[in-house]
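# Okay, sequence plus prediction incoming.
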Amino acid sequence: MTAIAPEERLIAAIAALILDPSTPAARHVAVGASSPIPAAACWLVKKSGHEVRLSLLDRPRGNPFTEGARELFDLAGQGRIDLFFLGGGQIDGQANLNLVGTGAWPGAGVRFPGSFGSAFMYFAVPRTILFREEHSRRVLVERVDIVSAPGVSPPGVWRRGTAQALVTGKCVFRFDARRARFALASVHPGETEKSVRMATGFDFDGEAGAPVTPDPDAAALALMRGPVCDEMIETYPGFCRRVWGRAASAERAS
Amino acid sequence: MTPIALAALAALVPDGALLALPPDNSLSPCEFARALVRRGARGLTLLGVPVSGYATDLLIGAGCVASVQTSAVTLGEAGLAPRFSAAVARGAVAVTDATCPAIHTALQAAEKGVPFMPLRGVLGSDLLAHRADWKVIDNPFAGGGDPILLVGALSPDVAAFHAVCADAHGNVYVGRRRELATIAHASRRVLVTVERLVDGNLLNDERLAPGTINGVYVEAVAIAPRGAWPVGLLDEYAYDAAHVAEYARLARSEDGFHQYLERYVLHGGAEAAA
């Protein structure tokens, strides 16, 4: 078996968070645009035999939505989606997300793509797993320059949930919504509490000796490299080629 | 309805129009966008429903666009939209930022003919401070203390998308991409490119009718084979990731973008317009 790819560790870490028994069960998980690692984590959960409904917005064939993205947001508004994934160009210590840009509005420094559905989904879905592969002080900041979607809301503002956790290329943080604060849950191999703190612009709870994020076991790796990749190849050909060395099948004839 | 030439379809979009476009995964009219570049459209406001991709970046790079209202501009796996990013940095294009469900809600209000609709969430987002057409009220159906966002109705001047086929009645088939019906209902004018014409009436087929947009909404149709390329079209053809990656690479610079236009846009369209 070849070495575990960093992406495979992240997929396994997110899959573990989806299945976390201390959280309300995720019976229906949705994945938005451009999210290969969260999508792979969902497939890993499903291919491991867990009962979960997956709705992947970008799936070209067999797309679950018959009214496109509009239906995704309507489902979330109705409370029919239990878990969603969000990222951000900047994420701060209160789990505020910035997908607009750095500097003054609307991104006078670096312009990011835009807020997507974050300003709605973060409120409407009970559990959000935040994911950002780059773990640096330019991404994980003390305070975001622009708030696309707030991590917590004052009492009286309608909201079903917020961040469950933040997964990066270096570690897993848990989010405590009552205190609006992250705590270090595990560090990936090669990292320490100190190395994470050096690369993080916000303060967080956590001490030396944080547990190491477990490696995916042989069964999980076999699933990722086989049936998970099979499900992903059409939507994320570049990712599947890069991580699993798998080429997409020839374009279907028109 | 007799199809018109693609160039004639592009000529129906006046300079300065508010033009609604679907994203890359939902029947984006890419050949139509290339025809707009060839016709030298200017001053357009593009509405991404609810996000924007290749067609928007191409139109921005070609100088057709004054402003964009969208929830994001992205080329998916190929990364950031380079001409959008460059234009924002230069201040050449004004951006009105939204969040996806707010755009759907604004169009749903327009299709119902009501002035606004409420939407949950968004409170506490900086988006709100930059949207004069979004207002927060206290939910009049609750006992008080339940703030909720109202989004103003939005009727695009023109909507354009690329459907699989059209019949002689102007009905167009969009398959499961029925969110396009909302765009069509809300917009004042709808222009559609299609792969081909079909005989008969799509609405007479019980299996095709649910994926068909009634011709009552459609002003004109042009035939554009592979008109969604380089993005995919339902089960007709797949997304051409290699081409979008080539676009993203070339469009990183102004020079590269003009090479792209020369190679793929400015001299094309003859076959589609015939």
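That came through, no problem. Values in this document were obtained by computation on a predicted structure and should not be read as measured data. Residues are numbered from 1 along each chain as shown, chains lettered A, B, ... in the order given.
# Now do the helices in the stretch 1-150 of chain A.
Residue ranges of the helices in the stretch 1-150 of chain A, as given by DSSP state H, counting those that start in this stretch, are A:6-18, A:36-47, A:68-77, A:118-124.
# Any chance of the ones you listed in CSV with mean pLDDT, distance to residue A:155 and mean neighbour count as columns?
Where C-beta positions appear, they are placed from N, C-alpha and C, glycine not excepted. Formatted as CSV, those follow (pLDDT from 0 to 100; distance: least, C-beta to C-beta, whole Å; neighbours: other C-beta atoms under 10 Å in any protein chain shown):
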stretch, mean pLDDT, distance to residue A:155, mean neighbour count
helix A:6-18, 97, 27, 22
helix A:36-47, 97, 30, 25
helix A:68-77, 95, 21, 23
helix A:118-124, 98, 14, 28
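# Minimum distance to residue B:52: which of the ones you listed has it?
Proximity to residue B:52, assessed across those by C-beta to C-beta, is greatest for helix A:68-77 (12.6 Å).
# right, is that closest one up against chain B?
Yes. Counting by C-beta under 8 Å from any C-beta of the partner chain, chain B has neighbours in helix A:68-77: A:68-71, A:73, A:77.
# how about residue B:66, secondary structure?
strand (DSSP: H, G, I helix; E, B strand; the rest coil).
# hang on, isn't it packed against residue B:44?
Yes. Here residue B:66 reaches residue B:44: they are 6.6 Å apart, a contact under C-beta atoms under 8 Å.
# Need the overlap of contacts for those two.
Common contacts of residue B:66 and residue B:44 (C-beta atoms under 8 Å, 6 or more residues apart in numbering or on different chains): residue B:16.
# the more surrounded of the two?
Using other C-beta atoms under 10 Å in any protein chain shown as the criterion, residue B:66 and residue B:44 rank with residue B:44 on top: 25 against 16.
# Do me a favour and get the backbone dihedrals for that one.
Phi and psi for residue B:44, reported as degrees, to the nearest 10, are phi -70, psi 150.
# what does residue B:242 give?
For residue B:242, the backbone dihedrals (degrees, to the nearest 10) come out as phi -60, psi -40.
# repeat for the one 3 residues further on
Comment: the main-chain dihedrals of residue B:245 come out as phi -70, psi -40, following degrees, to the nearest 10.
# ditto for residue B:233
Dihedral pair for residue B:233: phi -140, psi 100, per degrees, to the nearest 10.
# how many other residues sit next to it?
For residue B:233, the count of nearby residues is 25 (other C-beta under 10 Å).
# OK, contacts around residue B:149?
Taking C-beta under 8 Å, 6+ apart as the criterion, residue B:149 is in contact with B:102, B:118-123, B:128, B:134-136.
# tell me which residues of the helix or strand where it lies are tucked away?
In this assignment (DSSP states H and E), residue B:149 forms part of strand B:147-152. For strand B:147-152, burial by neighbour count (16 or more other C-beta atoms under 10 Å in any protein chain shown) applies to B:148-152.
# quick one: which of these is nearest to chain A?
Nearest to chain A among the buried residues of strand B:147-152, counting by C-beta to the nearest C-beta, is residue B:148 at 7.2 Å.
# give me the beta-bridge partners of that closest one?
Assessed by DSSP bridges, residue B:148 has beta-bridge partners residue B:137.
# and the gap between it and residue A:154?
Using C-beta to C-beta, to the nearest Å, residue B:148 is found at 14 Å from residue A:154.
# where exactly do the strands run in chain A?
Remark: strands assigned in chain A by DSSP state E are A:28-31, A:53-56, A:83-86, A:90-92, A:97-98, A:127-132, A:140-141, A:162-168, A:171-176, A:181-187.
# avg pLDDT for the first one?
I take that to be strand A:28-31. Averaged across strand A:28-31, pLDDT comes to 96.
# Output it as PDB, restricted to C-alpha atoms.
What follows is strand A:28-31, C-alpha atoms only, in PDB (Å, rounded to 0.1, in the frame of the first residue of the first chain):
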ATOM      1  CA  HIS A  28     -28.900  14.000   5.300                       C
ATOM      2  CA  VAL A  29     -25.600  15.700   4.300                       C
ATOM      3  CA  ALA A  30     -25.300  18.200   1.500                       C
ATOM      4  CA  VAL A  31     -22.100  19.300  -0.200                       C
END
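# buried sites along that strand?
Going by neighbour count (16+ other C-beta under 10 Å), the buried part of strand A:28-31 is A:28-31.
# Looking at those, which is nearest residue A:54?
Closest to residue A:54, out of all of these and judged by C-beta to C-beta, is residue A:29, at 5.7 Å.
# close enough to count as contact, that closest one and residue A:43?
No. Using C-beta under 8 Å, residue A:29 is not in contact with residue A:43; the gap is 10.3 Å.
# and for these two, which residues touch both?
Common neighbours of residue A:29 and residue A:43 (C-beta under 8 Å, 6+ apart) are residue A:54.
# Setting aside sequence neighbours, what's the nearest residue to residue B:168?
residue B:1 (6.5 Å; C-beta to C-beta, 6 or more residues apart in numbering or on different chains).
# Likewise for residue A:202?
Leaving aside its sequence neighbours, residue A:202 sits nearest to residue A:93 (C-beta to C-beta, 6+ apart; 2.9 Å).
# that older thread, relative to residue A:58, which of the helices of the stretch 1-150 of chain A is closest?
helix A:36-47 (7.9 Å).
# The closest one packs against which elements?
Contacts defined by 3 or more C-beta pairs under 8 Å, 6 or more residues apart in numbering or on different chains; DSSP states H and E place helix A:36-47 against helix A:6-18, strand A:28-31, strand A:53-56, strand A:127-132, helix A:218-223, helix A:229-232.
# Chain B: strands as residue ranges?
Under DSSP E, chain B gives strands at B:18-21, B:44-48, B:65-70, B:94-97, B:116-119, B:134-138, B:147-152, B:158-166, B:172-173, B:189-197, B:212-213, B:220-223.
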